[in-house]
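Colleague: sequence unavailable; structure follows:
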């Protein structure tokens, strides 16, 4: 899937240029991708949302067509970048759907900018910190393999079921931005690992849906119940047999579920 030749940019408070992309018509829906990924994360399922919503995606700093400063990143900082994009577009408030690290960024949007978030969907994500349930040491070691082919094989197994992988040879946009500098990948990893919104999750006022694959061990599925219990106006839904990329492999279940919640 080739990158768009030209993407418009918003300017973050620190001057970093953030590339964004808009498609579809209707109420605005902000789609937030996972760690070390750009807006192409949503390519396989975006059309299902843009039939009824004006979808907004963007490239995190360090990815895609956005600037790539070699300085500390954070999930709160990514949330500030999102606000710059919404301001550039003149969008006062939007529905927000964040998956994986994007769900962590979405938490901060709803906490720090409640007036900008209408409905909130948190997918395959975690509250972070000491309360969040993290992947096992074995998985961490496998993902640190120096061999990229080996790492990708492990990551795909965490994302999708074996049968689906056998029937769908790729490409897989959830494997990360291949052109991302190594330093930026490290910055993204640290930003995601340092996320901890637990103490402030009760401040979220937006009605919230938490979605997770029941067989997700990359971000363990029990995080869904933790988040839903911590947010006052939240419900959660586990998609049976799904792994981390539930939104892609199980899109025929996940997309209608999310749309029904947003349109309620």
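Modeller: Noted; the coordinates are in hand. All of these numbers come straight from a predicted model, not from anything done at the bench.

Colleague: just the strands in this structure please.
Modeller: 9-11, 17-23, 28-32, 54-58, 94-99, 117-123, 207-213, 234-239 (DSSP state E).

Colleague: reformat these as CSV; add distance to residue 162 and mean pLDDT.
Modeller: All C-beta spots, glycine's among them, are computed from the backbone N, C-alpha and C. CSV is the format used below for those (distance: least, CB to CB, whole Å; pLDDT from 0 to 100):
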stretch, distance to residue 162, mean pLDDT
strand 9-11, 40, 98
strand 17-23, 32, 97
strand 28-32, 27, 98
strand 54-58, 29, 98
strand 94-99, 21, 98
strand 117-123, 22, 98
strand 207-213, 14, 98
strand 234-239, 17, 97
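
Colleague: so where's the stretch 1-150 of the chain uncertain?
Modeller: For the stretch 1-150 of the chain, the stretches with pLDDT under 70 are 1-6.

Colleague: give me that answer again for 80
Modeller: Along the stretch 1-150 of the chain, segments meeting pLDDT under 80 span 1-6, 145-146.

Colleague: relative to residue 71, which of the strands of the chain is closest?
Modeller: With CB to CB, the closest approach to residue 71 among those belongs to strand 17-23: 14.4 Å.

Colleague: that closest one - contacts with which helices or strands?
Modeller: Contacts defined by 3 or more CB pairs under 8 Å, 6 or more residues apart in numbering; DSSP states H and E place strand 17-23 against strand 9-11, strand 54-58, helix 75-89.

Colleague: any idea how far the closest residue in space to residue 61 that isn't next to it in sequence lies from residue 190?
Modeller: Among residues not flanking residue 61 along the chain, residue 16 sits closest, at 5.3 Å (CB to CB, 6 or more residues apart in numbering). Residue 16 is 17 Å from residue 190, where distance means CB to CB, to the nearest Å.

Colleague: so those two - more neighbours on which side?
Modeller: Neighbour count, other CB atoms under 10 Å: between residue 16 and residue 190, residue 16 has more, with 20 against 13.

Colleague: excluding chain neighbours, what is closest to the residue most central in space within the chain?
Modeller: In the chain, the residue lying closest to the centroid (CA atoms, centre = their mean) is residue 102, at 2.6 Å. Among residues not flanking residue 102 along the chain, residue 32 sits closest, at 3.0 Å (CB to CB, 6+ apart).

Colleague: kindly report the same for residue 155.
Modeller: Residue 155 sits nearest to residue 175 (CB to CB, 6+ apart), 6.3 Å away.

Colleague: run a quick neighbour tally on that neighbour.
Modeller: 17.

Colleague: contact partners for it?
Modeller: Contact partners of residue 175, counting by CB atoms under 8 Å, 6 or more residues apart in numbering, are 152, 155, 156.

Colleague: follow-up on the earlier one: and the helices and strands packed on strand 17-23 as a markdown table, adding distance to residue 68 and mean neighbour count?
Modeller: Shown next, in a markdown table, are the helices and strands packed on strand 17-23 (distance: least, CB to CB, whole Å; neighbours: other CB atoms under 10 Å):
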| stretch | distance to residue 68 | mean neighbour count |
| --- | --- | --- |
| strand 9-11 | 13 | 18 |
| strand 54-58 | 14 | 24 |
| helix 75-89 | 13 | 21 |
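
Colleague: done for today, thanks.
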